[in-house]
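Engineer: sequence first, then the predicted structure, then my questions.
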Amino acid sequence: MANALSQNLETFPNPQPERDYTIRIRVPEFTCLCPKTGQPDFAELTLEYVADRLCVELKSLKLYVWSYRDEGAFHEAVTNRILEDLVAATAPRFMRLTAEFNVRGGIYTTVVAEHRAPDWSAPAPVQLP
């Protein structure tokens, strides 16, 4: 679990709540610790979401991400925890978090976790000629 900074995810009103649009945020410097060895784990996080009424404020997201620097966490657990915290803060229509961890012991790990509001369906992709 992250320290107290994780409780400070701030939001702001979605400026276009009547429209489905995708917000993509790339966090290239995520760090946590391996819970077995205590060695640092590095990852790039990509957050993609369709907001409903709220959007996540970027400075608070940065501080939230930093709160994991000294925390031991398995890749799967930390990815799902971050998604859960972001969903709790913003209640999005859809949210996907992709965590691409750097090599450890010759193995790369990518974890993708998703949330979909029960009453939301993705619009059909537009096919242009």
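Structural biologist: Received it, and whenever you're ready, just let me know what you need. Numbering: from 1, shown residues only.
Engineer: number of nearby residues for Asp41?
Structural biologist: Neighbour count of Asp41, defined by other C-beta atoms under 10 Å: 22. C-beta coordinates here come from the backbone N, C-alpha and C atoms, glycine included.
Engineer: sheet partners, orientation included, of the helix or strand harbouring it?
Structural biologist: Assigned by DSSP states H and E, Asp41 belongs to strand 40-50. Strand 40-50 has the following strand partners under DSSP bridges: strand 22-33 (antiparallel), strand 94-104 (antiparallel).
Engineer: so for the longest helix anywhere in the chain, mean pLDDT?
Structural biologist: When the chain is parsed with DSSP state H, its longest helix is helix 75-90. The average pLDDT for helix 75-90 rounds to 97.
Engineer: contacting residues around that helix?
Structural biologist: 1-2, 6, 9-11, 32, 41, 43, 45, 47, 49, 51-52, 54-56, 64-65, 68, 71, 73, 92, 95, 97, 99, 101, 109, 111-115 (C-beta atoms under 8 Å, 6 or more residues apart in numbering).
Engineer: report the buried residues of that helix.
Structural biologist: Going by neighbour count (16 or more other C-beta atoms under 10 Å), the buried part of helix 75-90 is His75, Val78, Thr79, Arg81, Ile82, Leu83, Asp85, Leu86, Val87, Ala89, Thr90.
Engineer: would TSV of the residues you listed with distance to Ile25 be doable?
Structural biologist: Below are the buried residues of helix 75-90 laid out as TSV (distance: C-beta to C-beta, whole Å):
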residue	distance to Ile25
His75	19
Val78	17
Thr79	15
Arg81	17
Ile82	12
Leu83	13
Asp85	14
Leu86	10
Val87	14
Ala89	13
Thr90	12
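Engineer: just those now: which is nearest Tyr21?
Structural biologist: Lowest distance from Tyr21 to these (C-beta to C-beta) belongs to Thr90, with 14.2 Å.
Engineer: nearest residue to that closest one in space, please, no chain neighbours.
Structural biologist: Once flanking residues are discounted, Thr90 sits nearest to Leu54: 4.6 Å by C-beta to C-beta, 6 or more residues apart in numbering.
Engineer: for that neighbour, give me its contacts.
Structural biologist: Contacts of Leu54 by C-beta under 8 Å, 6+ apart are Thr11, Phe12, Pro13, Asn14, Ala89, Thr90, Ala91, Pro92.
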